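J.: dropping the sequence and predicted coords here.
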Amino acid sequence: VQLVESGGGLVQPGGSLTLSCVASGTIFKIKSMRWYRQAPGNEREPGNEREFVAAITSFGTPNYADSVKGRFTISRDNAENAVYLEMKNLRLEDTAIYYCNADHYPDDMEYWGKGTLVTVSS
């Protein structure tokens with residue numbers, strides 16, 4: 001299973017972006033899908049671990065990190081094996097590489113995309 005993110009870019013504070021992630025390959029069923037983020041630069045630096053942003057179950061139940069509640073909306077299209085992250089009122093601290101993550105059924109394998117960079121800057 002391969003995950004490919006898109007939609008990143010440069011946006012001003014207060015602006016909006018929508019990220020997409022599509023799963024492809026030999027897929028039986030995608031269970032939960034998630035977005036994580038990590039500050040760009042030294043990804044191996046202690047304290048710069050990937051941060052949970054949002055998750056959505058196969059039934060469409062969302063869950064958000066406190067830092068993005070009310071600003072980000074996660075959604076998915078099960079028929080397309082896709083997950084989206086609508087981001088509004090972006091802040092400087094939202095600048096990060098955003099990674100898509102998915103659980104596959106029935107092997108319970110976890111897959112990651114390569115990330116898409118979101119830069120919030122004036």
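T.: Looks like it arrived, so ask away.

J.: centroid residue for the chain?
T.: Nearest to the geometric centre of the chain sits residue 35, at 2.6 Å (C-alpha atoms, centre = their mean).

J.: in contact with that one, which residues?
T.: 19, 21, 53-55, 74, 83, 85, 98-101 (C-beta atoms under 8 Å, 6 or more residues apart in numbering). No exception for glycine: its C-beta is placed from N, CA and C like everyone else's.

J.: number of nearby residues for the nearest residue to it once chain neighbours are set aside?
T.: Distances taken as C-beta to C-beta, 6 or more residues apart in numbering put residue 53 closest to residue 35, at 4.3 Å, once the chain neighbours are dropped. Residues within reach of residue 53, counting by other C-beta atoms under 10 Å, total 24.

J.: just confirm residue 53 is within a strand.
T.: Yes: assignment of residue 53 by DSSP: H, G, I helix; E, B strand; the rest coil places it within a strand.
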